[in-house]
Each structure stands twice: as C-alpha cells, then as structure tokens.
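1. sequence and predicted structure below; questions after.
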Amino acid sequence: MTITITAFERSPDGGKGLARDTRVRWALEEVGQPYEVRLVSFAEMKAPDHLAIHPFGQIPTYEEGSLSLFETGSIVLHLAEQHAGLLPEDRHARARAITWMFAALNTVELPILELTTARIFEVDKPWSEERLPLVKDRVRACLDKLSARLGVADWLDDEFSAGDLLMVSVLLRLRMSGILDEYQNLAAYVARGEARPAYLRAFAAQFAINAPECL
Ligand code: GTB
C-alpha cells in the first residue's frame, strides 16, 4: 500500500532538515519503506482537506490506505511497530526504547523549543537579553543529565532505536545555538545519527525540495 506523507512546500529552514517531516522520512528510510510526499503550502495546511487529516493544520501527516495519522512521534512509533529496524524484539528493551521516544519529545525537546522561541521570535522584546541566559541554562540542565546517561555509549540503550532517531532529531535543533558543542559525547552522538545511510537519504530528499535556489 502506498505511504504518503506531507511536508512544507518550502521549509522556512531552507533545507537544514529541521522541519519534522525529516524525522518521518528518516524512520521510513530506516525500515526500508518507499513513500510519496505531498507538498503543502501554509494556506493548504489550514484548509479543510488537510485539517481532516491534521486537526491542528500542520505537517507532517501520514496516510496508508484507510489509515491517516498526525503527530511525528505517533507516526514514527507506528512505523517502528509495523516494520523491523527501529524497535528491539525483547519486550523490556522495546519498552525502554519507546520511553526514550517520549523522553525526546516530552522532556528534551521542550526547553529546546523554548530556546528557539527566545532566539528567533522574542529577540526584539525588551526583556529578551535578560531571559535568554535563563532559557539556555534550562537547556543545559537537561543536557547535563542526558550527557551523563549516554556516557561513552553509541546509543541510548544498546542498539540504535526509534528513541535515538527522535533524540538525535531533537538535538539537531540546537546546533545553531552552539550549545550542542559544549557536550562532546552528545555532539558525537548526533554526528553518529547523521552519518546513518537512512538519515543521509532522508536529508537529501528534503534538501532537494528546500535548498535555496542559489545553490
Ligand atoms: N507536535 C507536532 C508533531 O510532532 O508532529 C508538531 C508539528 C509541527 O510543529 N509542525 C510544524 C508546522 O506544521 C512544522 S515542523 N508548522 C506550521 C504551522 O503550525 O502553521 C516545525 C518547524 C518549522 C520550521 C522549522 N524551521 O524553519 O527551521 C523547523 C521546525
């Protein structure tokens, strides 16, 4: 059955792979599933046809036959449950990998999103200069613990899993801030994720659509 996902007609990040369709593309590549992409404009995202699939009018979405999904975490979990390659067979190891998926999206991504808001959308506010260091410290408080847990391991729980896929994707958003480079093991962890052939294919596919035209 054909899998169709949605992505920005043109991502505001100019092909850096930070929009969340890259996470779904990466998961699809890891499990070896071919897929099609329906590109949507901001206006199309808010129109009834798209809202019927995504109640909040966002990307990515996932369609496969009569199944429609939204929420990146749910889409990645669905793929990981349907196909080998992203979740271990062992029951406990599988539950731990799913726990890391939630940790990535519910614990680590929250302060990182707050930092993005502070750096980009609040930068012209009179209180921005005072607030930014506080927000950065909240990110560091989280990364201190993640870094301590990862230690010298390659992945969060032995084998690469959907937990790593989401955690690496979330940490990638920090690169521009320079904070990731304060943590040698996390920077190496992200680089390890980015070096996976499945990530490279996913990145290239979104880049082909979003790269600035001058390149
Ligand atoms: N919780 C949802 C999920 O995980 O799927 C969140 C989905 C979401 O935020 N989608 C964004 C969206 O559709 C795109 S990824 N935004 C349009 C809207 O809300 O109207 C977020 C994103 C956007 C832009 C960049 N960028 O330019 O760097 C990076 C990430």
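-> Done, it's in.
2. just list the residues touching the nearest residue to residue 193 once chain neighbours are set aside, thanks.
-> Of all residues not flanking residue 193 in the chain, residue 168 sits nearest, at 3.3 Å (CB to CB, 6 or more residues apart in numbering). Using the backbone N, CA and C atoms, a C-beta is placed for each residue, glycine as well. Contact analysis of residue 168 by CB atoms under 8 Å, 6 or more residues apart in numbering lists 189, 190, 192, 193, 194, 199.
3. is the host helix or strand of residue 168 up against the ligand anywhere?
-> Secondary structure from DSSP states H and E places residue 168 in helix 162-172. No: on the criterion CB under 6 Å from any ligand atom, helix 162-172 is out of touch with the ligand, staying 9.5 Å away.
4. how far is that helix from where the chain is centred?
-> Between the centre of helix 162-172 and the centre of its chain there are 6 Å (CA atoms, centre = their mean, to the nearest Å).
5. ok so residue 37 is a strand residue?
-> Yes: assessed with DSSP: H, G, I helix; E, B strand; the rest coil, residue 37 lies in a strand.
6. helix, strand, or coil at residue 6?
-> Of the three states, residue 6 takes strand according to three-state DSSP.
7. average pLDDT for the helix holding residue 168?
-> The average pLDDT for helix 162-172 rounds to 98.
8. quick one: contacts for residue 103?
-> 163, 167 are the contacts of residue 103 under CB under 8 Å, 6+ apart.
9. now it, what's its secondary structure?
-> Following three-state DSSP, we place residue 103 in the helix state.
10. next one: it from residue 65, what distance?
-> Distance of residue 103 to residue 65, computed by CB to CB, to the nearest Å: 31 Å.
11. with residue 202 instead?
-> Look at residue 202 and residue 65: by CB to CB, they are 23 Å apart.
12. equivalent analysis for residue 101, please.
-> Residue 101 is 24 Å from residue 65, where distance means CB to CB.
13. also compute the angle for the host helix or strand of residue 206 relative to helix 162-172, please.
-> Element membership for residue 206, per DSSP H and E: helix 197-210. Using axes from the mean of the first three to the mean of the last three CA atoms, to 10 degrees, one finds that helix 197-210 and helix 162-172 are set 40 degrees apart in direction.
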